[in-house]
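1. Whatever this is, show me its structure:
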Amino acid sequence: MSFVVHTVDLREFLEGSLRERQSFSRQLGESLKNTGFVKVSGHSITSQRLDNAYQDIKCFFALPDSTKNQYVIQGSGGARGYTSFGQEHAKDNPIPDLKIFGPMKLLASKKVSGVFIVILKCAHSSY
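-> Numbers count the residues shown, from 1 in each chain. Predicted structure coming up:
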């Protein structure tokens with residue numbers, strides 16, 4: 001099986017015919033099922049809105065742990081709310097996921113064929 005991440009056009013779902021909406025849903029589902037990813041075009045999210053969102057995220061992660069921990073949602077398995085470092089586990093695995101947490105630095109953001117490509121790196125990493 002090849003690793004194909006579908007690009008779906010949100011306008012096909014919001015404004016399209018029944019056939020277009022069904023095609024959108026099928027491609028979205030297949031891409032998420034097979035890869036866990038999907039590219040979305042036709043969404044009208046501007047670069048400015050992305051920049052504002054990244055600024056908000058930076059502000060949140062700069063807060064003290066005691067404040068961020070107020071947003072932990074118990075019983076969600078890390079799928080909702082704030083999840084601190086070392087708290088999330090892969091299914092049936094007792095070892096915590098060691099994801100990179102902390103402030104992120106936007107390296108690049110570019111719109112290519114109607115799709116935003118965003119490249120981030122952890123602000124304190126050396127790569």
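2. Can you classify the closest residue to Leu28 other than its chain neighbours by secondary structure?
-> Computed as Cβ to Cβ, 6 or more residues apart in numbering, the closest residue to Leu28 that is not its neighbour in sequence is Val8, at 5.2 Å. Bear in mind the C-beta positions are built from the backbone N, C-alpha and C, glycine included. Here Val8 is strand, with the state taken from DSSP: H, G, I helix; E, B strand; the rest coil.
3. and if you look at Gln48?
-> Using three-state DSSP, the structure places Gln48 in helix.
4. how far does the lengthiest helix in the chain sit from the chain's center?
-> In terms of residue count, the longest helix belonging to the chain (DSSP state H) is helix 18-35. Averaging C-alpha positions (Cα atoms, centre = their mean, to the nearest Å) puts helix 18-35 18 Å from its chain's average.
5. likewise stretch 32-43?
-> Distance, stretch centre to chain centre, for stretch 32-43: 10 Å (Cα atoms, centre = their mean).
6. So for that stretch, what gets flagged as buried?
-> Neighbour counts over stretch 32-43 (16 or more other Cβ atoms under 10 Å) mark Lys39, Val40, Ser41, Gly42 as buried.
7. pLDDT averaged over it - what is it?
-> The average pLDDT for stretch 32-43 rounds to 89.
8. just stretch 17-29 next, same as before
-> 94.
9. quick one: buried residues of that stretch?
-> Buried-residue list, stretch 17-29, by 16+ other Cβ under 10 Å: Ser23, Phe24, Gln27, Leu28.
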